Each structure stands twice: as structure tokens, then as C-alpha cells.
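Undergrad: Have a look at this fold, sequence not included:
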């Protein structure tokens, strides 16, 4: 027989266990969603780093390519290479002669195939007139078929039965290869998934981050220094602090409206450029840098300050020669974290027009450009099946950048901690 | 001169001024054997400042004045040919500028536009000559003035430090400027919007269909700007998000603060930080590509029909995004409850969960409420998840399986791509932005007040 007291204790202990399990379950839930997210992205994205190519024996006939000597780069850029690539493919299937089937055959190749020939010739102009074996990309549909992302049969099948036969024959002849897709990492955007790359978006994002850093880093340190070292308790100081806290909490899309109305329409700065993107992002990064810098300035031991003052340094010299150098690791950590947040921001960049389709890699921050998160958005909205893996792969790239930046921040933090100890 | 050339001139002049000042303050002949009052490096900095600042002031002044000269002159060309005031002036001016810059081709442009482009080109060319002249003049004059100032007993350090102090103050004013810029941009454009659409129609209207006729004679699309469906959609998604984030975030925080061993914490904390660091566009992609189809399938098995852009998908994923926000804020709050309260309760024989429920949570409640309010303002302002996973058509419903649209999603949809700046449709985005700004401002203000009040209680 249990006494009522024992019963009560048991009940209370059970409640204890239950309560505790809620906590474990919550953490498990958050963790499993994170794992699921990572799994989804990686499993659908890793294949975008590769693409299927077909090995063709291309006859580099100068007449067919519409090029005349001297074979300078300019001349070769103007050449027409479609027909030689098609002829090389037709040569694989001599039995296909009628125009309709030949057109279906040519559709198996990516429009980027001719660019492979062009780039080869620019590197080897002396090979004109000879026959060379070149690997040219397959069209997106067959690329997806190779990766088992599209079914061979079913309702919405995207190939004809003959095309599938040709494809199988090419595979039997070991002409189809699976290669690392450097064009994805270094190339510009394209309407064709198998040719699209994130190089332009990465460069655009780096330019925007550079502008953001050049603006927010000095301004943030200066503002933090003023507030910590020189500001007196006054209404102005309180207003400044309230504004900084407020800026940190304003939704990012509002910053986009600011950039659109002020930077683009009032100041007339060029639309779609990393310059304006970086300016908008710098306003969002500023509070992060200011708050981190203030915290690390506050942590500088007063002894350093007093010693410098005692040696006759002016207040400005104390700050710039002694306090700020000691506070720099904390400032850098805050800056890197702020920049990492800025790298992932999408909405404000959409507002200032960084969504335009731009195939070129920007040369300066004043060129119209895409940015990495916006490129993800654009590909995610795209209807083509081939862009799904590109989107996931672009996410993998942006996450890699974020992890690197955070690692850097962690390293700086731990290095300085060991030094202080 | 191009921007790059001007920049090079700017750098070259300023650096040479600095070097010259430094050398002059080091020159024994000039100093006549006396020790200068300030160190040479301050003389150099002083001269460099005298060189750089006038050029910067000219450049900034020009940037803010130039549009007011060129724009009216160019639009006048349009007006004089058409014989009437220009319609959609901002739009046409943008087109002219884009053609002049070579972004747009002039193949489709009318004769008038071509004339205006010519005018724009010639005007901006002469403007650029005048500007380059002024810029150089400012630099050279400043250079000369700074050079003259250098003397043995000149207090260069004091002057430079005075400027540095001014620069520090000015930098901290940038935050105020940014807020002012936001308020100004939103209010000006929103007021223009409310000229077309009365404020009450906007705040209380039940119809949202911002497609407005581009030409006056177009029929059928007058545009309706009642924002209630957007507010309802925003609140629905935010509610779903909070239903996910508050319990999970709060229990995680309690567990981490009160129960977890250090080893668990070293895994769980970075995990939550990763969740917090994932860009919202990634969450949006996840919601649209993975979660939404799962919901469609799951509801089909129980016999319900879910839209492929359901509020539920956006809300659930947004909730996941907000979990780390709530957990880290609540963690701080719970940790700042004095240990004496905890020990007192445990000493009375309460179990740990009883201590948490009856002592710690009541004590931490104001702080947690503040955290939740901040999270709500986050959820309302979140953009990419709803743009990608929630719908675009307005729909006044409380059914989470249907598609709804939100304030932020509408702002983005309206403003992405080319817009003309006079139409109520474009201006509506700014009215929505103003509403969003005000609501989040109030939420943040209340939340910070609560949190601060709470912090003071246990200090």
C-alpha cells in the first residue's frame, strides 16, 4: 500500500520527467529540422557541380565556321560554330538523314556546345582544318536524365523515344561523360540551366560586401568610439542610441525602400549595381558593428587608458593608439558577423533592382550585377527543372561562405582570448 | 573625366599633400633649427585634410545639385515638342537616362525621346567638365591653403584632433540620418499615395488588387487598395510562426539554462546559431520546394485540399527561423533570474520543474514577453519566406491551408522590376512600408521598454 504522500511524490517526479522531456524534444525538433533542411539542400544540389557531356569528333573546317585568317581572338569570337558541332553529332548517326529527325538530334546538345568549340579555337588557333575530339555539354533535359532527375517514361516526358535510343547508343559507345562543371562555379548566369553559373553573382556579392565594409567599418568604429569615449550624457546621445537600436530592428525590406527612394531616385545612383547594394547593406550592418565595438571598447582595461594619459597622450591619441588596437579583435569579430548577415540579405537587393538577368561577370562595383542570395531567389522562381539543383548548389555555396566567415570570427575570438589569459 | 580618373586625382592630391606637409615639418632649413610644436605626421595629416575635404564637399554638393539642373531641362525638351506637360515624367526620365547610359537601346525610342537623350548627353557632358574643373580647383586651393598654414609653432595636432572629434560625432549621426531617410522616403511617397486613395479606404478596405490602368482609356482595372486582406494574411502567418517558435524556443531555452550538461550545450548552442545564420532566402526555398508539397500530400491523406502556396508552409518555416531568436533571448532572461530565488525554492522541497514553473518563469515573464514581442515584429517584417512560399493573390481567410499574401510580399512584388513612380500601384508599396515600419517600431519600443524595466528589477 502506498501512502498518499508517496503517491504525490511519484506524481511530482513524473511531472518532472515530463517537463524535462519537453525541453529535450524541443531541441531535437529544432535539430532534426536543421538536419532535414541540410539533407534536402545537399541531396538535391550536389549534382549541379557536375554535368553530362558528349564526346564528339569535330571537323574544324574554316569555311563552315565562317572564319578567315588571320585567326585572331576577335575573328574567332565572331565565328559560327553551330553547324560544325551539329555535323559532328550527325556523323555519329549516319542513318539519320531527314530534317525532322536531325533537328531532334541537334536538340540533344546544349546551346553551349558551340562555345566549347570557340573557346578551344581561341586557345589553339593552329588546329583549324583538323579534326579534334571535344566534350560538349548535353542539353538540360538529357543532363537531368543522366542524373536520374527525370523519368524515362511517364506523363510529362520531355524526350521522344528515338531521342532516348540515340542517348542510349551514345552511352553504350561510352561517349557520354560526367564531368566537374567549372562553368557553374565561375561562369555567369544563363537562361539554360546546364550553362548557368554563379560566378557573376559571387563577384557581385563580393563587391557589395566590399562597399558595405568600406562604409560600415570606419563609420561603425567612429560612432562607437564617440559614444563610448567622448559622448556626454545628453539628449543627443540618447537619441543617437535609440536610433541605433531602432535601425537594428527595422525589417530589411524597409531598407530596400530607403535605397530605392533615396539612393536611386533622389541621388540618381545607378540601378542594379553592387555600389547601391553595398550602401543599403552598410546601413543594416552598422548597428551590429557599433554594438560589438562598444562592447569591446568597454572591455579594455582602464589601466591602459590611465597609463597613456599619464604619459601625456591626448584623449584622441589614447583612443587611437591604445584603446582601439586592444579592442580591435572584438570589433573585427562583430564586423565579420555583420558582413555574414549582409551576405544573406535578399529583400533590400530585390528592391534596388539587383534582380535583373545579367549574364556578364561585373568588372567594377558600378556595373549592373546579380548577388548570390538574389541569384538563389531567381533560380528558385524559375520553372525549368534543371534550375532546382542549381538553386540548391548555390545555397551550398552561400552556406560555405557563411561558415567560412563565422569560422574566421571564431578563430579571431579564440586567439585573442588565449592571448589575454 | 570619368569617376575612376577623379578618384585617382583625389587620392594622388591628398597623399602628395600629406607627404609634402610631413616633409616640410621635418625640413631643418624651414624649421631653422627649432622644434615644431606638433609632430610632422600631424602637419602632414593637416595638409591632407585641407586637400581632401574641399574636394569631397564639392563632390557631395554636386551630386545633390546636379539632378535639379539637368532633369528639368531634359523634360522641357519633351514638353516643348509634345506641347503639354509631360505625363509619367519620372518614368520617361529614367528611360532617357538608361538610353544615354547605353543600358537600353534607342531602337524603339520615339523621335522626342531621342532629342531628349541628345540634350541629356550634351548637358551631362558640359556638367562633367564644369564639375571636374571645380573639383580640381577645390583640391588645389585646399592644397595651397594647407601648405601656407604649416609653421614651426602651428598647433597642427590640435587642429587635426578637432577634426577627428568632429568626424566621430558626425559618424554617430549617420544612424539618425538613416532613420530620417527612412521616415522621409516612406512618408513623402505614402502621402502621394494617399492623394489617390483615402487613408481609411487603405486601412479598412477589404479588396486588394493593385493593378491600375497604365493608360487612362484602359477599362476594367481601377485598382483597389484595401489592405485588410494583407494585414490578415500577415497576422495569420505570424501566428502560425509563433505557435511553432514560442513553445520550441522557450522549452529549448529552459532546458539549456536549467538542465543541460555542458556537453549538451556545446552541441545545442551552435546548432541554434546555425539555424539563426541561415539566410531567409534559403528558408524560403525550403518552404516552397519541400514543406509546401509535404503539406499538400499530408492534407490530401486526411481528405483536405491544401494550396501549393499555403500559409501553413510559410508559417511553419518562419517559425523554425524564429526559434533561435526566442531561445537566445529567453536564455539570457532566465539566466539573469537571481540564483537566490532558485535556491530558495529548491530548499523548500520543490522539484526543479516546479521551481521553473512557479518561481523562475513568473520572475522571467516580462523579459520573455519582450522576447516574444520582438519575435512577432521579426515575423511581421520577414520577407523572403513569404515572397517565395506564400501566395501573391490577396485572400481574406483564416484557413491556414489556403494561400494568403502579406504586406512584405506585396511590397516586393510591386517594386521588383520596372516601375513608374507616379502610379498609385508603386506608391502603395511605400504606404505598406510605412505601416510596417510603424507597427514594428511600436512593437520594438514596447518590447525594449519591458525588457529594460525587467533588467532594472533584478539589478
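TA: Received the coordinates, thanks. It should be emphasised that the depicted structure is a prediction, and the values quoted were computed from it without experimental measurement.

Undergrad: and the host helix or strand of residue A:165, what's its mean pLDDT?
TA: Using DSSP states H and E, residue A:165 maps to helix A:161-172. Averaging pLDDT along helix A:161-172 gives 89.

Undergrad: by contact count, what packs against that helix?
TA: Packing partners of helix A:161-172 (3 or more Cβ pairs under 8 Å, 6 or more residues apart in numbering or on different chains; DSSP states H and E): helix A:99-106. Any C-beta I mention is one placed from the backbone N, CA and C, and that applies to glycine too.

Undergrad: returning to that earlier point: next, the buried residues of the following helix or strand past the helix holding residue A:165.
TA: Later in the chain than helix A:161-172, the nearest helix or strand by DSSP H and E is strand A:176-180. Neighbour counts over strand A:176-180 (16 or more other Cβ atoms under 10 Å in any protein chain shown) mark residue A:176 as buried.

Undergrad: Which residue, other than its chain neighbours, is closest to residue A:150?
TA: Residue nearest to residue A:150 in three dimensions, not counting chain neighbours: residue A:144, with 4.5 Å by Cβ to Cβ, 6 or more residues apart in numbering or on different chains.

Undergrad: which residues are there in the stretch 101-250 of chain A that come within reach of chain B?
TA: Residues of the stretch 101-250 of chain A lying near chain B by Cβ under 8 Å from any Cβ of the partner chain: A:218-220, A:222-223, A:225-227, A:230-231, A:239-240, A:243-247, A:249-250.

Undergrad: Buried ones from those, can you make that a PyMOL selection?
TA: Buried subset of these, written as a PyMOL selection, criterion 16+ other Cβ under 10 Å:
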select buried, chain A and resi 219+220+222+223+225+226+227+231+240+243+244+245+246+247+249+250
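
Undergrad: Quick one: list the elements packing against the strand or helix carrying residue A:395.
TA: For residue A:395, the host element (DSSP H and E) is helix A:386-420. If you count contacts as 3+ Cβ pairs under 8 Å, 6+ apart, helix A:386-420 packs onto helix A:4-45, helix A:140-146, helix A:182-186, helix A:324-344, helix A:372-381, helix B:280-286.

Undergrad: what angle do it and helix A:4-45 make?
TA: 120 degrees (axes from the mean of the first three to the mean of the last three Cα atoms, to 10 degrees).

Undergrad: Sketch out the strands for chain B, chain order is fine.
TA: Secondary structure of chain B by DSSP state E: the strands cover B:208-209, B:224-225.

Undergrad: The first one pairs with which strands, and in what direction?
TA: Translated: strand B:208-209. strand B:224-225 (antiparallel) (DSSP bridges).

Undergrad: who touches the strand it pairs with?
TA: With contacts defined as Cβ atoms under 8 Å, 6 or more residues apart in numbering or on different chains, strand B:224-225 is touched by B:197, B:201-202, B:205, B:207-210, B:424, B:428, B:431.

Undergrad: Narrow the residues you listed to just the buried residues.
TA: Buried members of these, counted by 16+ other Cβ under 10 Å: B:197, B:202, B:205, B:208, B:210, B:424, B:428, B:431.

Undergrad: from these, which single one is nearest residue A:349?
TA: residue B:428 (21.2 Å; Cβ to Cβ).

Undergrad: Mind picking out the helix or strand in chain B with the poorest mean pLDDT?
TA: helix B:89-100 (a mean of 70; mean pLDDT, DSSP states H and E).

Undergrad: Model confidence for the residue most central in space within chain A, exactly?
TA: In chain A, the residue lying closest to the centroid (Cα atoms, centre = their mean) is residue A:372, at 3.4 Å. Confidence at residue A:372, expressed as pLDDT, is 94.

Undergrad: Name the nearest residue to it, ignoring sequence neighbours.
TA: That would be residue A:205: by Cβ to Cβ, 6+ apart, it lies 4.3 Å from residue A:372.

Undergrad: Quick check: the gap between the one you found and residue A:110.
TA: Between residue A:205 and residue A:110 the distance is 26 Å, computed by Cβ to Cβ, to the nearest Å.

Undergrad: that older thread, in contact with the residue nearest to the centre of chain A, which residues?
TA: A:198, A:201-202, A:204-205, A:343, A:394, A:397-398, A:401.

Undergrad: for these, which one is nearest chain B?
TA: Here the nearest of these to chain B, counting by Cβ to the nearest Cβ, is residue A:398; it sits at 6.4 Å.

Undergrad: That closest one contacts residue A:340, correct?
TA: No. Counting by Cβ atoms under 8 Å, residue A:398 stays clear of residue A:340, with 10.2 Å between them.

Undergrad: So which of the contacts of residue A:372 wins on neighbours?
TA: residue A:394 (31 neighbours; other Cβ atoms under 10 Å in any protein chain shown).

Undergrad: Look at it and report its pLDDT.
TA: 95.

Undergrad: right, and it touches residue A:200 too?
TA: No. Using Cβ under 8 Å, residue A:394 makes no contact with residue A:200, being 11.6 Å away.

Undergrad: Would you mind listing the residues touching both of these two?
TA: Joint contacts of residue A:394 and residue A:200 (Cβ under 8 Å, 6+ apart) are residue A:375.

Undergrad: center of chain B, which residue is that?
TA: What sits nearest the mean C-alpha location of chain B, by Cα atoms, centre = their mean, is residue B:182, with 8.3 Å.

Undergrad: ok, now which ones touch that one?
TA: Contact analysis of residue B:182 by Cβ under 8 Å, 6+ apart lists A:250, A:254-255, A:257-258, B:437.

Undergrad: just to revisit the earlier point, lowest pLDDT pick from the contacts of strand B:224-225?
TA: Comparing pLDDT over the contacts of strand B:224-225, the lowest score belongs to residue B:210 (77).

Undergrad: thought that residue was touching residue B:411?
TA: No. Assessed by Cβ under 8 Å, residue B:210 is found out of contact with residue B:411, at 10.9 Å.

Undergrad: So for the two, which residues contact both of them?
TA: Residues touching both residue B:210 and residue B:411 by Cβ under 8 Å, 6+ apart: none at all.

Undergrad: Buried residues of stretch B:306-315, list them for me.
TA: Buried-residue list, stretch B:306-315, by 16+ other Cβ under 10 Å: B:306-307, B:309-315.

Undergrad: So is it next to chain A?
TA: No. In terms of Cβ under 8 Å from any Cβ, no part of stretch B:306-315 sits within range of chain A; the closest distance is 12.3 Å.

Undergrad: burial measure for residue 157, as a count.
TA: Here I'm looking at chain A. 13.

Undergrad: oops, I was thinking of chain B
TA: By the criterion of other Cβ under 10 Å, residue B:157 has 19 neighbours.

Undergrad: Can you list the strands that the lengthiest strand in chain A pairs with?
TA: Among the segments of chain A that qualify as a strand by DSSP E, the longest is strand A:50-59. Neighbouring strands of strand A:50-59 in its sheet, by DSSP bridges, are strand A:131-137 (antiparallel), strand A:176-180 (antiparallel).
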